[in-house]
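**Q** give me a 3D structure for the following:
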Amino acid sequence: MAEEYPCALPGVLVNSNGFAPQSLVRNNNVQNGPLRFRLQADSGWLQFNVAWSFGVLEGQVFENWYKHILTNGSKSFLIDLQVTGGLLEHECYFLGVPSYNQVKKRWSVSGSVLAIARVGLAECDAQSLIGMFNVFAKPNLALTQLNAAILELETLW
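**A** Down below sits the predicted model:
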């Protein structure tokens, strides 16, 4: 079971303004004909480069949480990370040991985390979102369709 990120500590300052998703499709090279593609899984892991800025006491809490609660990074933890859907909770593992650098009176902690599970939209909700976007992306088409519907209603009266 994933451990909770300490709620009293500040959240992630930087998550590299992006993430690197794993390819979920595998292809097979064939001698003749087109490539064959196969879906490996419904969702894959994401890699984030993250950084925090801690005061002295917060830095000690983070270091001891990593050492004792996460058992030097061998256990997963839950943390909010910024993705295209907003700030969402992810289950993560540290890739390697985080680095600690002192900047004046604060500690800058940075590292890479691997998000193995994340909250996302269900397929039905995703299709609704795409449909709504298509309507707003083409406002002239939406207005034309609305106008046609109004004219049709007027002829029925």
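**Q** could I get the lengthiest strand in the chain in CSV with only the CA atoms?
**A** Once the chain is assigned using DSSP state E, the strand that runs over the most residues is strand 86-103. Presented in CSV, the C-alpha positions along strand 86-103 are these (Å, rounded to 0.1, in the frame of the first residue of the first chain):
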residue,chain,number,x,y,z
GLY,A,86,-4.8,19.6,-13.5
LEU,A,87,-3.3,18.8,-10.1
LEU,A,88,-4.0,15.0,-9.6
GLU,A,89,-2.9,12.5,-7.1
HIS,A,90,-0.4,9.9,-8.3
GLU,A,91,1.2,6.8,-6.8
CYS,A,92,4.9,7.2,-7.3
TYR,A,93,8.3,5.7,-6.6
PHE,A,94,11.6,7.6,-6.5
LEU,A,95,14.0,6.7,-9.2
GLY,A,96,17.3,6.9,-7.3
VAL,A,97,18.1,9.0,-4.4
PRO,A,98,16.9,12.7,-4.3
SER,A,99,19.7,15.3,-4.2
TYR,A,100,19.9,17.9,-1.5
ASN,A,101,21.4,21.4,-2.1
GLN,A,102,21.5,24.2,0.3
VAL,A,103,20.5,27.6,-1.1
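**Q** what pairs with the helix or strand that that strand is followed by, and is each one parallel or antiparallel?
**A** Taking DSSP states H and E as the definition, the helix or strand that follows strand 86-103 towards the C-terminus is strand 106-118. Strand 106-118 sits in its sheet next to strand 46-54 (antiparallel), strand 86-103 (antiparallel), going by DSSP bridges.
**Q** out of the ones you listed, which is the most enclosed?
**A** Burial among those, expressed as mean neighbours by mean count of other Cβ atoms under 10 Å, is greatest for strand 46-54, which shows a mean of 18. All C-beta atoms are positioned from the backbone trio N, CA, C, and that covers glycine.
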